[in-house]
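Colleague: no sequence for this one, just the structure:
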């Protein structure tokens, strides 16, 4: 899909330099801008960002696969860029696992699961809503108030359900000895 097919009068980014610059400005790990268009009348920027992921791990059996089955475009709201609303058309690959036959689309940390928004967009929405209110944050970010309200209340729940980064259980490396029992000379020191 080329952006602008249904959009009317859009100005397209045509040079490689413009696309590389947009990729750097967006700073979405694992994604690269391949097409971009601006709508000056609506102060809106559309960017097509396919995932650069050539393979994925099956969530069912854990096998690595590079067998791509289909590609789906997902429209995602992102933070404003230069005062213009930014909408991403994210191209996500659906993979087929050769071992268990399951079809799956890998999750990307930059995209909020279940919401058509980037994680950083929802983080900023939540931050601004705590300083003012949801309707003011929605107006500033250019989204419908009811959508912003739903995202705002779902965001903490989604954060709670995410696995904590860097807090995976570690193996026990040593056990301590109850030093107070040793000092008292009771002869019955218990391991902690």
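Modeller: Here it is on my side, so go on. Everything numeric in this text was worked out from a predicted model, so none of it was measured. Numbering: from 1, shown residues only.

Colleague: switch to C-alpha atoms for all contacts and neighbour counts from now on
Modeller: Noted.

Colleague: so where do the helices sit in this protein?
Modeller: With DSSP state H as the criterion, the chain has helices at 16-26, 119-131, 134-141, 145-161, 179-184.

Colleague: mind putting those helices in CSV, distance to residue 71 and mean neighbour count included?
Modeller: As requested, these are arranged in CSV below (distance: least, CA to CA, whole Å; neighbours: other CA atoms under 10 Å):
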stretch, distance to residue 71, mean neighbour count
helix 16-26, 21, 15
helix 119-131, 22, 17
helix 134-141, 28, 18
helix 145-161, 25, 15
helix 179-184, 62, 12
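
Colleague: Output those helices as TSV; include the columns mean pLDDT and distance to residue 56.
Modeller: Listed next are the helices of the chain as TSV, based on pLDDT from 0 to 100; distance: least, CA to CA, whole Å:
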stretch	mean pLDDT	distance to residue 56
helix 16-26	88	22
helix 119-131	91	21
helix 134-141	90	33
helix 145-161	86	22
helix 179-184	66	50
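
Colleague: could those go into TSV alongside distance to residue 67?
Modeller: Shown next, in TSV, are the helices of the chain (distance: least, CA to CA, whole Å):
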stretch	distance to residue 67
helix 16-26	26
helix 119-131	28
helix 134-141	38
helix 145-161	30
helix 179-184	59
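
Colleague: so what's residue 31 closest to, chain neighbours aside?
Modeller: Nearest residue to residue 31, sequence neighbours excluded (CA to CA, 6 or more residues apart in numbering): residue 51, at 4.8 Å.

Colleague: Wait, the one you found touches residue 91, no?
Modeller: Yes: Residue 51 is in contact with residue 91 according to CA atoms under 8 Å; the separation is 6.3 Å.

Colleague: pLDDT on stretch 31-43, on average?
Modeller: Averaged over stretch 31-43, pLDDT sits at 88.

Colleague: Return the set of buried residues in it.
Modeller: Residues of stretch 31-43 classed as buried: 31-39 (neighbour count, 16 or more other CA atoms under 10 Å).

Colleague: what does stretch 87-99 give?
Modeller: 87-97.

Colleague: now, among those, which is nearest to residue 62?
Modeller: residue 97 (9.2 Å; CA to CA).

Colleague: who touches the closest one in this structure?
Modeller: 58, 63-65, 67, 103 (CA atoms under 8 Å, 6 or more residues apart in numbering).

Colleague: Just the buried residues of the residues you listed.
Modeller: Neighbour counting with 16+ other CA under 10 Å marks 58, 64-65, 67, 103 as buried within the contacts of residue 97.

Colleague: if I look at residue 113, how far off is residue 37?
Modeller: 25 Å (CA to CA, to the nearest Å).

Colleague: Got the domain ranges for the protein?
Modeller: 1-108, 112-160 (automatic domain parsing).

Colleague: right, and the ones you listed - which one's nearest residue 171?
Modeller: Nearest of the domains of the chain to residue 171, taken as CA to CA: domain 1-108 at 22.5 Å.

Colleague: Help me confirm that residue 52 comes into contact with residue 30.
Modeller: Yes: counting by CA under 8 Å, residue 52 does reach residue 30; the two are 5.5 Å apart.
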